[in-house]
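Visitor: sequence and predicted model, in that order:
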Amino acid sequence: MYRKTILENGLRVVSEEIAHVRSVSIGIWVECGSRYENVENNGIAHFIEHMLFKGTERRSAFDIAADIDSVGGVMNAFTSKELTSLYIKIPDYHLGLAVDLLADVFNNSRFDETEIAKEKSVVLQEISMLEDSPDDYIHDFFEANFWQKDHLGMPVLGTRERVESFTRDDLQGFFRSRYRGRNVVLTAAGHLQHDVFLGLVRQAFGEMGGDAARNGFATPSVTANISVLEKDLEQVHMMIGTLAPSSVSADRHAGFLMNAVLGGSMSSRLFQEIREKRGLAYAVHSYITPYMDTGMLAVYVGTGKEEVPQVLGLIIDEMIRLTKQPLTAKELQGAKELIKGNFLLSMESTDNRMTRLAKNEICFGRHVAPEEVTAAIDAVTPEDVLVLAQELFNPSTISIAAIGPVSERDLTMHVLKG
């Protein structure tokens, strides 16, 4: 059963009762991420996420970890371009502890100077680890060049210079301005009753301020470009991407189906052609990242330097093919069953249901029933996918990025020859 209540301070409390499970997953979701930053404070949302676990007036960092471990629960957090989330999964009979613990770290974190200094070192190591993993770093490198000067192109982790510059006042000022009622959604899914949960939330979060800064941003425009970071590696890590439907676009389901056929599964065209038939790469896949007002479809592949021209040509050929030939009935039906199957299986996890409650609230302001989702997927036609492909796979917006033993001139020559 789905229930929603909005508190006086603007905090949205959403829950789904699932009677047959013994777990409860609870999450705080803040409409704030790297997209809401600027060049001067890039990385601050991610740094704040780290600091929320470093001690409150009532609990040390060890106490926070020990409290959740002592009941067999799990507590974690993440920051993305548009969202920050802290979440807990616990046995149902520890619901009160979970709400109290989340409220304590969210409302009462100390932002201690000594802990800030230590955490700077941790985040700098995290940045170094990312940069030492080209198959991971290529995604940040591609997005920085794809979105160009838009805030979507800024890395979630920030830069070394920015992270080192953060002060306690910077962190607390940014936190006070954004991590407040109207920007926050609290969701829970599992074995709980909404009214009981709501009573705990009112007690723990009722005094939280409601006013919060909310940036407006213009939908970014992109233009085709080729970017290369030359490094002495065994492989070339390469991405090819273009625009995609947003989180709320009517075309989003057609986009997910098109992606599944292109490179979103082991039976997809790119996986079968590049890896299975030709043995040109171990890793090749495509994915869609939707945002509130736009989106990105990208293909990643790791391949040898000598194989780059052939692999790049095959990827571009498949993109062009999607603009000229409708999907076969078999391909489209297979993609529909894949997407629906993955979606329905994910609904067996209270974590995923809790996450879905939050994203539906933030994107649509309402509950979206599973039946509505599967019906929308079933309604997509081959013509819908064809029209979308013709819109997205436009030479003026397709960008390429690579890290490895290849030059920008090499890639440009390969594209021109294609």
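Guide: Now that the structure is in, tell me what you want to look at. Numbering: from 1, shown residues only.
Visitor: how many other residues sit next to Gln203?
Guide: A count of nearby residues for Gln203, using other Cβ atoms under 10 Å, gives 13. Any C-beta I mention is one placed from the backbone N, CA and C, and that applies to glycine too.
Visitor: I'd assumed it was in a strand, is it?
Guide: No. Under DSSP: H, G, I helix; E, B strand; the rest coil, Gln203 falls outside any strand and is assigned helix.
Visitor: and it, how far is that from Asn342?
Guide: Gln203 sits 38 Å away from Asn342, going by Cβ to Cβ, to the nearest Å.
Visitor: what residues sit buried inside stretch 146-164?
Guide: For stretch 146-164, the buried set under the neighbour-count rule, 16 or more other Cβ atoms under 10 Å, comprises 146-147, 150-158, 162-163.
Visitor: restricted to helices, list those.
Guide: Secondary structure from DSSP state H places 146, 162-163 of the buried residues of stretch 146-164 in helices.
Visitor: reformat the residues you listed as TSV; add pLDDT and distance to Ala369.
Guide: TSV is the format used below for those (pLDDT from 0 to 100; distance: Cβ to Cβ, whole Å):
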residue	pLDDT	distance to Ala369
Phe146	97	34
Arg162	97	42
Val163	98	42
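Visitor: need those residues in a markdown table (columns: distance to Arg35).
Guide: Below are those laid out as a markdown table (distance: Cβ to Cβ, whole Å):
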| residue | distance to Arg35 |
| --- | --- |
| Phe146 | 14 |
| Arg162 | 15 |
| Val163 | 18 |
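Visitor: tell me the one of those nearest His237?
Guide: Distances from His237 to these, taken as Cβ to Cβ, are shortest for Phe146 (15.1 Å).
Visitor: what residues are up against the closest residue to that closest one other than its chain neighbours?
Guide: Sequence neighbours aside, Ser399 is the residue nearest to Phe146 in space, at 4.9 Å (criterion: Cβ to Cβ, 6 or more residues apart in numbering). Applying Cβ atoms under 8 Å, 6 or more residues apart in numbering to Ser399 gives the contacts 142, 145-146, 222, 224-227, 240-242.
Visitor: filter the residues you listed down to the buried ones, ChimeraX style.
Guide: In ChimeraX syntax, the buried subset of the contacts of Ser399 is picked out as below (16+ other Cβ under 10 Å):
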select :142,145,146,222,226,227,240,241,242
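Visitor: mark which of the contacts of Ser399 are part of strands, please.
Guide: Residues of the contacts of Ser399 located in strands (DSSP state E): 226-227, 240-242.
Visitor: tell me who's in contact with Asn42.
Guide: Neighbour list for Asn42: 34, 154-155, 158-159, 162 [criterion: Cβ under 8 Å, 6+ apart].
Visitor: repeat that for Met266.
Guide: Taking Cβ under 8 Å, 6+ apart as the definition, Met266 has no contacts.
Visitor: what about the residue nearest to Ile18 when sequence neighbours are not counted, distance to Val24?
Guide: Leaving aside its sequence neighbours, Ile18 sits nearest to Gly190 (Cβ to Cβ, 6+ apart; 5.5 Å). Noted for Gly190: a distance of 4 Å to Val24, by Cβ to Cβ.
Visitor: list the residues that contact both of the two?
Guide: 92, 350.
Visitor: hmm, Gly27 and the residue nearest to Ile18 touching each other?
Guide: No. Gly190 lies out of contact with Gly27 (Cβ atoms under 8 Å); the separation is 11.4 Å.
Visitor: overlap in contacts, those two.
Guide: Between them, Gly190 and Gly27 share these contacting residues under Cβ under 8 Å, 6+ apart: Met354.
Visitor: between the two, which has more neighbouring residues?
Guide: Ranked by neighbour count (other Cβ under 10 Å), Gly190 and Gly27 place Gly190 first, with 26 against 23.
Visitor: next one: the nearest residue to Glu113 once chain neighbours are set aside from Leu124, what distance?
Guide: The spatially closest residue to Glu113, leaving aside those adjacent along the chain, is Arg168, at 5.8 Å (Cβ to Cβ, 6+ apart). For Arg168, the distance to Leu124 equals 18 Å [Cβ to Cβ].
Visitor: got it, and Ser249?
Guide: According to Cβ to Cβ, Ser249 stands 37 Å off from Leu124.
Visitor: related to what we said a few turns ago, distance of the residue nearest to Ile18 from Asn108?
Guide: Gly190 is 25 Å from Asn108, where distance means Cβ to Cβ.
Visitor: Ala244 against Tyr287, yeah?
Guide: No. Here Ala244 lies out of contact with Tyr287, judged by Cβ under 8 Å, at a distance of 9.4 Å.
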